[in-house]
Structure formats: structure tokens, C-alpha cells
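fold the following, please.
(2 chains)
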Amino acid sequence: NAGVTQTPKFQVLKTGQSMTLQCAQDMNHEYMSWYRQDPGMGLRLIHYSVGAGITDQGEVPNGYNVSRSTTEDFPLRLLSAAPSQTSVYFCASRSIGGYNSPLHFGNGTRLTVT
Amino acid sequence: AQSVTQLDSQVPVFEEAPVELRCNYSSSVSVYLFWYVQYPNQGLQLLLKYLSGSTLVKGINGFEAEFNKSQTSFHLRKPSVHISDTAEYFCAVLYNTDKLIFGTGTRLQVFP
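From the prediction side, this is the model:
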């Protein structure tokens, strides 16, 4: 059981470049989300989705786009990368049937924007 | 605004000593509270959770936490820490929505 898989693990971009961070889960979870982790700021929610075709903004959505065409995948797009987007990005998912289900996290993508 | 506060960014402690990591949240009608642990270069793992019922909840690895509604707190405790408990700990609150809001984290450093 792979759980939540994030690719790539590391990425370096130049300012203005675009890229997509991939996230896939094999647990049939309805809920998926993206967080960024920065020193001294904890994890901040970027976007989340409660099912295919449904997405919503979190705490820090600016500069990021998401879509959810399938239950399994929830890619995060940076259209024009900025140095302020240098961070570690985590994808997480959970079953939506009650709050008993914990979030399952991927191992993260470390992004550097120069 | 919904917020979670972890006042201690770092907590150094000697092995076998007790530890308390503090967490306070902004008040709301109903909240669900969680503690997650992050080991180096890994994602987060659930340590314990409070949904309802008994205010003292027990989690994995000997950790426990107490929900205090009047003080809007959910402090994490362990009576005797081990070197392997060295990690970063995050308090999180689900405010009756699908948004799980995290605190800024507390780095627990256990010394021999």
C-alpha cells in the first residue's frame, strides 16, 4: 500500500518558470490537500478538495492552482514561480466520512526558487 | 480568525524527564484537536486526537493530551521522554470545516 506519493522529491526552479507538483493516493480518500511548510510558520493550507471536481482555497492560495479530475490525483501548479514560494510542500489525504480519520501525509517536495 | 498557537518553538529536555508541549487555539463552538509528529525528512504522523468525550486522550508512544475548553488549550505531555522522541510536534485544529489549521510547531530535543 503506497499511501500518498509525491513527486518530485526535490526541484529547483528559476523565477518565472512554471511546474506541477504531483500527488497521488491509493486509499480512495475523498479529501486531499496541499500544505507548505516554512521555518517558524508551521504548515499552512494552500488548497484542498473534498472530491473530484471540487476544490477550495486554504490560508495561502495565491500563486497556486489546483484541479481534481480524479479521486486519486491532486496536482499543485505554480504558474510563475517566485522566490517566496521556496518551501517544502506536503500533500495529505483522508477519508471524509467523519473526523475520526487522520490525515495521511506524503514525504514532501522540497522546492527552491532562485 | 481561526488560529492555533504553540508558544514554545523549542523545548530541550533530558532523557527520562517529563515534558509538556503547549497548544492554545482560538475559541469556537466545536473543535476537533490533533497532535502530529514529524521526524526529520518525513511527513507528519498522527500522535493523538480529541473529538469528544473524555478530556484526557492517550496517543501513541506514551503521549497524552488534555483538552481544556475553558482555557482553549490542548497541551501534550509525556511523563518520561526518550531520545527517539526528538522530533517536531504540531498541534492542529479542525474548526467544524474541512480546513485543518496547524500551529507553528515545537521542536523537542531530548538530550542523553
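
dump the residue contacts of residue A:79.
Residue A:79 sits next to A:18, A:63, A:65 when contact means C-beta atoms under 8 Å, 6 or more residues apart in numbering or on different chains. (Glycine included, C-beta is placed from N, CA and C.)

return the residues of chain A in contact with chain B.
Counting by C-beta under 8 Å from any C-beta of the partner chain, chain A comes close to chain B at A:4, A:31, A:33, A:35, A:40-45, A:48, A:50, A:56, A:58-59, A:90, A:92, A:96, A:99-100, A:102-103, A:105-108.

now, of these, which are buried?
With burial judged by 16 or more other C-beta atoms under 10 Å in any protein chain shown, the buried subset of the residues of chain A next to chain B is A:4, A:31, A:33, A:35, A:42-45, A:48, A:58-59, A:90, A:92, A:99, A:102-103, A:105-106, A:108.

those in strands, which ones?
Judged by DSSP state E, these include A:4, A:31, A:33, A:35, A:42, A:43, A:44, A:45, A:48, A:90, A:92, A:105 as members of strands.

the residues you listed into CSV, with extra columns for pLDDT?
Listed next are those as CSV, based on pLDDT from 0 to 100:
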residue, pLDDT
A:4, 95
A:31, 92
A:33, 95
A:35, 96
A:42, 89
A:43, 92
A:44, 93
A:45, 91
A:48, 93
A:90, 95
A:92, 94
A:105, 91
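
and of these, the nearest to chain B?
Using C-beta to the nearest C-beta, residue A:105 comes nearest to chain B of those, at 3.1 Å.

what's the burial count for the residue nearest to the closest one when sequence neighbours are not counted?
In space, and not counting its chain neighbours, residue A:105 is closest to residue B:43: 3.1 Å by C-beta to C-beta, 6 or more residues apart in numbering or on different chains. Counted with other C-beta atoms under 10 Å in any protein chain shown, residues neighbouring residue B:43 total 22.

so who does residue B:43 touch?
Residue B:43 is in contact with A:4, A:90, A:92, A:105, A:106, A:107, A:108, counting by C-beta under 8 Å, 6+ apart.

which ones among the contacts of residue A:79 lie within strands?
Taking DSSP E as the definition of strands, the contacts of residue A:79 contribute residue A:65.

and stretch B:38-52, which residues are buried?
B:38, B:43, B:44, B:45, B:46, B:47, B:48, B:49, B:50.

partner residues bridging the last one?
When bridges are assigned using DSSP bridges, the partners listed for residue B:50 are residue B:33.

tell me, what's the model's pLDDT at it?
Residue B:50 carries a pLDDT value of 89.

report the contact partners of it.
By C-beta under 8 Å, 6+ apart, the contact set of residue B:50 is B:32, B:33, B:34, B:57, B:65, B:67, B:74.

next: residue A:50.
For residue A:50, the contact set (C-beta under 8 Å, 6+ apart) comprises A:30, A:31, A:56, A:96, B:98.

got the phi/psi numbers for it?
phi -100, psi 10 (degrees, to the nearest 10).

beta partners of the residue lying closest to residue A:83 once chain neighbours are set aside?
Distances taken as C-beta to C-beta, 6+ apart put residue A:113 closest to residue A:83, at 4.9 Å, once the chain neighbours are dropped. Note on residue A:113: beta-bridge partners by DSSP bridges are residue A:13.

for residue A:113, the count of nearby residues, please.
Residues within reach of residue A:113, counting by other C-beta under 10 Å, total 19.
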